[in-house]
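**Q** what's the 3D shape of this:
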Amino acid sequence: MGNGQARVRGIAARAGGWSARHRWAAVGIWMLFVVLATGLGSVAGRVDVKDSDQLKGETHTAARIVEEAGIEEPAGETVLVQATGDGVRATDAGFRSAVTAVMTAVEGTGEVTGVKSPYDTGTVSGDGRSALVQFDMRGASDTAGDRVGPVLDAVAGVQKEHSGLRIEEIGGASMHKTFDDAFGDDFQKAELSAVPVALGILLIAFGALVAALLPVALAITAIVATMGLMGVVSHVQPMSDTANSVMLLVGLAVGVDYCLFYLRREREERAAGRDAATALRIAAATSGRAIVVSGVTVCVAMAGMLFTGISDFEAMGLASLMVVAVAMVGSVTVLPALLSLLGERVEKGRIPVLRKAMERRSARTGGESRFWRTVLRGVLAKPLVSVVVAAGALLAVAAPALGMKTQNLTLDQEFGDSLPIVQTYNRVNEAFPGGSEPAEVVVSARDIAAPEVRAALAAFKERAVSSGASRGPVEIRLHDAQNVAVVRVPLVGGSDLEAAGASLTTLRDEVRPATLGKVAGVRAPITGQVAGSLDFNAQLTGAVVPVFVFVVVFAFALMLLSFRSLTVAATSIVLNLLSVGAAYGILVAVFQHGWGASLVGAEGVGAIISWLPLFLFVILFGLSMDYHVFVVSRIREARLRGRSTRDAIEHGVVTTAGVVTSAAVIMVAVFAIFGTLSMQSMKQMGVGLAAAVLIDATVIRGVLLPAVMALLGERNWYFPSWLRRLPDLTHNDAPLPLARPAARDDEGEPLRV
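**A** Numbers count the residues shown, from 1 in each chain. Here you go, the predicted model:
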């Protein structure tokens, strides 16, 4: 059709119209979908990511060897027996008595096996003041935390009898139990409190209970349906608990946002005198379309995680993509049906105080934001100055990101000294560097008992110490039936990942090639926490460029096709990157350099957890498009109705300021809840997301976007003729008479929406 002719409206308008006409059918189909998705997920069950599939590289190879051999590595535990005063040594009778008491006590629980005396294994510290009693938990390692309680009680009993010594337990099972006890409820409370926080903010925004409940109800049903779909999809792409938490966060954020956009526009049109049907139709054609464009863009951004090759990221990306898609579909189908059913009853449950305040404010301002109108007048009066000041400030905030240091956080970095077990971890590392996080060499051979293999194992053990990579003791555990050996090597450097990483490099590049590497048919990948951290960083670094290119290119293409403007697409990308950069700068300043760290309880972290930068880029790039698409759509709509570009910018920003502010406050509040958790990784995620959303909704959308568009003027709508053959994803719904002559492009043709 010609550029100026009406054509079939967009998919959002058609979906909204159908739903409004078939209200009960739309609601019934949605509820049936939620029930079916939940039921299918329950029947299918969820498949979680295996340890062997977490990473590629040596850590993956080592895990696969152990898994294919059917070796069940037990959960290892260690009891530190340490002198607290001068003059006491491990050779003293009282010290030996305490060691014997520990061994007897833990064996007496019936929960352990393979108890080893430090005098037999040589696990006595160089200064003679510390010793380690080592043993394994019976049963599967992944459930050992549930059974370690009696063992911890037995060790605590020995401590009471030997008050002159420090007797403390640490290991995989005891750490798992401690963290579950300390932080399991913490996470649950954070996730549960997110819903009432969002509801409270919506009550303030709408002043009516029913209107506030609708966005929360849509978000919750979208989350419930997605949880069911995750179970089904997990048989193709395994999921994880982390993916579940991220899905909940993203689902609540976008579900509430999309509903908020729709509801606000419908209420605005009714307040302007439209009848309910017309108001709903306009909301479907405008906010509904913005939701579709935003939702598709967010889905594309989330899909970027699938290019990392890291199972947890792939699970997070797919789960987030699904919940956004479900929330988007629900917003343009069941929401119009519910609004049509409710009619004026959407205002039920009015809160008198809030309602009166809203009515007074609406009477004074005509539904527009006085604050942002004041800000915009200054911005539009001097757009160049506004761009220079705002962009300069954000670049200054982003500057610390240039020195970002990423790593998998050690136990003391993750939890600080808030837990006694962290102090035990530090004491073990001080007395036995690397002992709590040894490297593990998984050796696989055709015949593990062959003389040349045994000789190579002995040579590796000797050379690991002589090379300076380890101070020992190096322990070799043979699994003759599976032709596998597991060599545990305490790394020099301990909890210092840089120093321990250097020791690991020595093992991989020098010790292994000179010993095990010389035996034909032997595989000897080196794994462990330090190796996992290095391999994870290496794989993540390799994924940055493809993920970045994928997200940016596809987001640019979607914006180009949705707005038919090369300028809008380009400025969208630049502004979003600036927002992400500022969030990175805040993270580095607070968590790495410690500037203001005490305000969020983040002292002494010194690094950003490895997965966060890429995760934040993808999440923020997607979520920030919510506001951008919504604001720019409103600006373009005003421009098409005959306003000048400057007037359209002012109208678009001030009329959307309320909904953008409400949506941003909800997002910031929900993300800030996670910033209050004790785990530094979750705190970093919460602070980073909250800061970025706050910057995006204020500096970017309220200052930079209007200033840049004001400087560009009519060039905002530049779309070269050679691009006009591209698919047209705009719509041309014009139910209202134009207040002024229709706007035309640079070639004199009517602008199309």
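
**Q** give the contact list for the spatially closest residue to Asp127 that is not a sequence neighbour.
**A** Leaving aside its chain neighbours, Asp127 sits nearest to Ala431 (7.8 Å; criterion: Cβ to Cβ, 6 or more residues apart in numbering). From N, CA and C alone the C-beta is placed, and that goes for glycine too. Residues in contact with Ala431 (Cβ atoms under 8 Å, 6 or more residues apart in numbering) are 80, 82, 125, 127, 129-130.

**Q** roughly how far apart are Ala431 and Ala657?
**A** Distance, Ala431 to Ala657, by Cβ to Cβ, to the nearest Å: 60 Å.

**Q** Same check on Ser117?
**A** As judged by Cβ to Cβ, Ser117 and Ala657 stand 71 Å apart.

**Q** Among the two, which residue is more densely surrounded?
**A** Applying other Cβ atoms under 10 Å to Ser117 and Ala657 shows that Ala657 carries more neighbours, namely 22 against 16.

**Q** what's the helix or strand for that one?
**A** When elements are assigned from DSSP states H and E, Ala657 belongs to helix 645-674.

**Q** Show me what the following helix or strand past that helix is packed against.
**A** Next along the chain after helix 645-674, taking DSSP H and E as the criterion, comes helix 680-695. If contacts are counted by 3 or more Cβ pairs under 8 Å, 6 or more residues apart in numbering; DSSP states H and E, helix 680-695 sits against helix 411-415, helix 566-587, strand 608-609, helix 612-640, helix 645-674.

**Q** Mean pLDDT for these - can I get that in JSON lines?
**A** Listed next are those as JSON lines, based on pLDDT from 0 to 100:
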{"stretch": "helix 411-415", "mean pLDDT": "75"}
{"stretch": "helix 566-587", "mean pLDDT": "93"}
{"stretch": "strand 608-609", "mean pLDDT": "88"}
{"stretch": "helix 612-640", "mean pLDDT": "85"}
{"stretch": "helix 645-674", "mean pLDDT": "85"}
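
**Q** Now Ala208: phi and psi?
**A** phi -140, psi 140 (degrees, to the nearest 10).

**Q** thought it was touching Arg345?
**A** No - using Cβ atoms under 8 Å, Ala208 makes no contact with Arg345, being 9.7 Å away.

**Q** sorry, back to before: quick one: buried residues of the helix holding Ala657?
**A** 645, 648-674 (16 or more other Cβ atoms under 10 Å).

**Q** Stretch 710-722 now?
**A** Residues of stretch 710-722 classed as buried: 710, 712, 716-719 (neighbour count, 16+ other Cβ under 10 Å).

**Q** How about stretch 193-201?
**A** Buried residues in stretch 193-201, counting neighbours by 16+ other Cβ under 10 Å, are found at 194-195, 197-199, 201.

**Q** Repeat that for stretch 249-257.
**A** Buried residues in stretch 249-257 (16+ other Cβ under 10 Å): 249-257.

**Q** With stretch 97-112 instead?
**A** 98-99, 101-103, 105-106, 109, 111-112.

**Q** what's the answer for stretch 173-184, then?
**A** Here stretch 173-184 shows 173-179, 183 as buried, counting by 16+ other Cβ under 10 Å.

**Q** Now do the helix holding Ala657: distance to the chain's middle.
**A** Centre-to-centre, helix 645-674 and its host chain are 22 Å apart (Cα atoms, centre = their mean, to the nearest Å).

**Q** now that helix against helix 680-695, angle please.
**A** For helix 645-674 against helix 680-695, the angle between stretch directions is 160 degrees (axes from the mean of the first three to the mean of the last three Cα atoms, to 10 degrees).

**Q** related to what we said a few turns ago, list just the nearest of the buried residues of stretch 710-722 to Val385.
**A** Nearest to Val385, judged by Cβ to Cβ, of the buried residues of stretch 710-722 is Ala710 at 11.4 Å.

**Q** Now do the helix or strand hosting the closest one and helix 612-640, the angle between them.
**A** Element membership of Ala710 [criterion: DSSP H and E] is helix 705-712. Inter-element angle recorded for helix 705-712 and helix 612-640: 60 degrees (by the same axes, to 10 degrees).

**Q** Can you give the distance from helix 705-712 to the centre of its chain?
**A** Its chain's C-alpha centre and that of helix 705-712 lie 32 Å apart, by Cα atoms, centre = their mean.

**Q** next one: stretch 279-287
**A** Distance of stretch 279-287 from its chain centroid, counting by Cα atoms, centre = their mean, is 33 Å.

**Q** can you check stretch 280-292 too?
**A** Computed by Cα atoms, centre = their mean, the separation of stretch 280-292 from the middle of its chain amounts to 29 Å.

**Q** Contacts for that stretch, please.
**A** Under Cβ under 8 Å, 6+ apart, the answer for stretch 280-292 is 9-13, 15-17, 20, 258, 261-262, 264-266, 269, 274, 328, 331-332, 336, 339-340, 629-630, 633-634, 637, 731, 733, 735-736.

**Q** Looking at Ala208 and Arg345, which is more packed in?
**A** Ala208 (22 against 12).

**Q** need the contact list for that one.
**A** Taking Cβ under 8 Å, 6+ apart as the criterion, Ala208 is in contact with 346-351, 355.

**Q** Of those residues, grab the buried ones for ChimeraX.
**A** To isolate the buried ones among these in ChimeraX, judged by 16+ other Cβ under 10 Å, type:
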select :346,347,350,351
